[in-house]
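Trainee: Kindly return the folded structure for what I paste below:
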Amino acid sequence: MVSQYAKNEQNMNSVERVLLYTALPPEEDSLSPQDPPMSWPEKGAIRFSNVELAYREGLPLVLKGVSFEVKAGEKVRYPCCSLATAANSS
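Mentor: Residues are numbered from 1 along each chain as shown. The predicted structure follows:
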């Protein structure tokens, strides 16, 4: 009985939330004169040159002198992130 009441309460909270979202005013047009053209980028590429990165200031570097280039249309996969490892992570 108590669990059914709790479930009904959760469902009503969800309904209230949906009703609240439907009452929000619409967002303004996201396009502005400073936006790049819709066709941008025609060809995408990424280049990292001697990148050094820490999770936050004061912590040791986690990337040290990393350099690589990804050409347009190439796919990239970080080698340590396999499905087996991802399945075991919490």
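
Trainee: going forward, measure contacts between C-alpha atoms and count neighbours the same way
Mentor: Will do.

Trainee: What count of nearby residues applies to K71?
Mentor: K71 is flanked by 13 other residues according to other Cα atoms under 10 Å.

Trainee: what is the mean pLDDT for stretch 14-22?
Mentor: Confidence over stretch 14-22 (mean pLDDT, whole number) is 89.

Trainee: starting at the chain centroid, how far to that stretch?
Mentor: Distance, stretch centre to chain centre, for stretch 14-22: 24 Å (Cα atoms, centre = their mean, to the nearest Å).

Trainee: the helices in this protein, which residues?
Mentor: Under the criterion DSSP state H, the chain carries helices at the ranges 2-22, 83-88.

Trainee: Which one of those lies nearest to G65?
Mentor: In terms of Cα to Cα, the element of these nearest to G65 is helix 83-88, at 25.6 Å.

Trainee: Show the average pLDDT along the closest one.
Mentor: 54.

Trainee: again with stretch 40-53
Mentor: Computed over stretch 40-53, the average pLDDT equals 88.

Trainee: Residues in contact with it: which ones?
Mentor: The set of residues that contact stretch 40-53 without belonging to it, under Cα atoms under 8 Å, 6 or more residues apart in numbering, is 61-73.

Trainee: Closest one of those residues to N8?
Mentor: Distance to N8 across those (Cα to Cα) is lowest for V62, with 47.3 Å.

Trainee: and that closest one, how many neighbours does it have?
Mentor: Other residues lying near V62 total 10 when counted by other Cα under 10 Å.

Trainee: For stretch 5-23, what is the distance to the chain centroid?
Mentor: With Cα atoms, centre = their mean as the basis, the distance from the averaged C-alpha position of stretch 5-23 to the chain average is 26 Å.

Trainee: May I have it as CSV, with CA atoms only?
Mentor: What follows is stretch 5-23 as a C-alpha-only set of coordinates in CSV (Å, rounded to 0.1, in the frame of the first residue of the first chain):
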residue,chain,number,x,y,z
TYR,A,5,1.2,5.5,-2.8
ALA,A,6,4.9,6.4,-3.3
LYS,A,7,4.8,5.3,-6.9
ASN,A,8,1.6,7.4,-7.5
GLU,A,9,3.3,10.4,-5.9
GLN,A,10,6.3,10.0,-8.2
ASN,A,11,4.0,9.8,-11.2
MET,A,12,2.1,13.0,-10.2
ASN,A,13,5.4,14.8,-9.7
SER,A,14,6.3,13.8,-13.3
VAL,A,15,3.0,15.1,-14.6
GLU,A,16,3.5,18.4,-12.7
ARG,A,17,6.9,18.7,-14.2
VAL,A,18,5.6,18.1,-17.8
LEU,A,19,2.9,20.7,-17.2
LEU,A,20,5.4,23.2,-16.0
TYR,A,21,7.6,22.7,-19.1
THR,A,22,4.7,23.1,-21.5
ALA,A,23,3.9,26.5,-19.9
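
Trainee: Please consider this matter closed, and thank you.
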